[in-house]
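# Next input, structure requested:
(2 chains)
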Amino acid sequence: NAGVTQTPKFQVLKTGQSMTLQCAQDMNHNSMYWYRQDPGMGLRLIYYSASEGTTDKGEVPNGYNVSRLNKREFSLRLESAAPSQTSVYFCASSPRAGYGYTFGSGTRLTVV
Amino acid sequence: AQSVAQPEDQVNVAEGNPLTVKCTYSVSGNPYLFWYVQYPNRGLQFLLKYITGDNLVKGSYGFEAEFNKSQTSFHLKKPSALVSDSALYFCAASDGQNFVFGPGTRLSVLP
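Prediction:
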């Protein structure tokens, strides 16, 4: 069982570059989420998609965009990366909003 | 607004001793409660959940948690700690719509 798959696992960007973090789940879950994890800050919600066709901002959406491509896939895009976006990014999915999550293994992003 | 508190940043316990990681919550209505564990350089893994029913919930790796409605707590426990239990533990709560994580507690089990 793959669960939630995130790519890439590691990435180094220069300030101003763009990139897309990919996330796919094979559990037929309705809801998907993007979090960032920073030392001492816990997990902070960037964007979420309660169901296919919908996306909403979380706690820290500035500098990011998302696309719920289909029920399986939820991508996170950084249009112009900044050093403040250096973080570990986690994608998660759940059967429905507010229910238990399954997490991907994370993407460690460094912006220099 | 919902919130989850984990009052201890760090918990140290000797191997073989019982461990407790504390969690309190504030959720309107009946809460759904969860514990997750994060090992170094890994994603969060589900440990256990309380949705309804018996207040004592048993989960993975010998962990259990007790739901206490009057104290709005959901403490994680294990009778005998292992060095391999050393990790970051997150409590989470949901009202069925919104999901909130606590800040995490780092557990160190000393040999």
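# Poorly predicted segments of chain B, please.
For chain B, no stretch is flagged by pLDDT under 70.
# Get me the contact residues on it for chain A.
B:32, B:34, B:36, B:41-46, B:49, B:90, B:92, B:94-99, B:101-104 (CB under 8 Å from any CB of the partner chain). C-betas here are computed from N, CA, C, even on glycine.
# For the residue most central in space within chain A, give the beta-bridge partners.
For chain A, A:W34 is the residue whose C-alpha lies nearest the centre (CA atoms, centre = their mean; 3.0 Å). Assessed by DSSP bridges, A:W34 has beta-bridge partners A:Y47, A:C91.
# right, and it touches A:Y47 too?
Yes. Counting by CB atoms under 8 Å, A:W34 does reach A:Y47; the two are 5.2 Å apart.
# Give me the common contacts of these two.
Common contacts of A:W34 and A:Y47, defined by CB atoms under 8 Å, 6 or more residues apart in numbering or on different chains, comprise A:G58, A:Y64, A:V66, A:L76.
# one step back: show the buried residues in the residues of chain B next to chain A.
Buried members of these, counted by 16 or more other CB atoms under 10 Å in any protein chain shown: B:32, B:34, B:36, B:43-44, B:46, B:49, B:90, B:92, B:94, B:96, B:99, B:101-102, B:104.
# from the residues you listed, which is closest to A:F10?
Nearest to A:F10 among those: B:G43, at 14.1 Å, using CB to CB.
# so the closest one makes contact with A:G104?
Yes. Between B:G43 and A:G104 there is a contact under CB under 8 Å: 5.5 Å.
# Now the common contact residues for those two.
Listed as contacting both B:G43 and A:G104 by CB under 8 Å, 6+ apart are A:V4, A:F90.
# could you pull out the strands for chain A?
Secondary structure of chain A by DSSP state E: the strands cover A:4-7, A:10-13, A:19-25, A:31-38, A:42-49, A:56-57, A:64-68, A:74-78, A:87-94, A:102-103, A:107-111.
# what lines up beside the last one in the sheet?
As defined by DSSP bridges, the strand partners of strand A:107-111 come to strand A:10-13 (parallel), strand A:87-94 (antiparallel).
# Pull out the buried positions in the longest one.
It stands for strand A:87-94. A:S87, A:V88, A:Y89, A:F90, A:C91, A:A92, A:S93, A:S94.
# Name the nearest residue to the first one, sequence neighbours excluded.
Computed as CB to CB, 6 or more residues apart in numbering or on different chains, the closest residue to A:S87 that is not its neighbour in sequence is A:R36, at 4.3 Å.
# and the one you found, how far is that from A:G106?
Relative to A:G106, A:R36 is positioned 10 Å away (CB to CB, to the nearest Å).
# anything in contact with each of the two?
A:V88, A:Y89, A:F90.
# for the second one, what are its contacts?
Spelled out, it's A:Y89. Here A:Y89 is in contact with A:Q6, A:L21, A:W34, A:Y35, A:R36, A:Q37, A:I46, A:L76, A:G106, A:T107, A:L109 (CB under 8 Å, 6+ apart).
# Skipping its backbone neighbours, what lies nearest it in space?
A:T107 (4.6 Å).
# so A:K14 makes contact with A:V112?
Yes. Between A:K14 and A:V112 there is a contact under CB under 8 Å: 6.0 Å.
# How about the residues of chain A by chain B?
Residues of chain A lying near chain B (CB under 8 Å from any CB): A:4, A:42-43, A:90, A:92, A:94, A:97-106.
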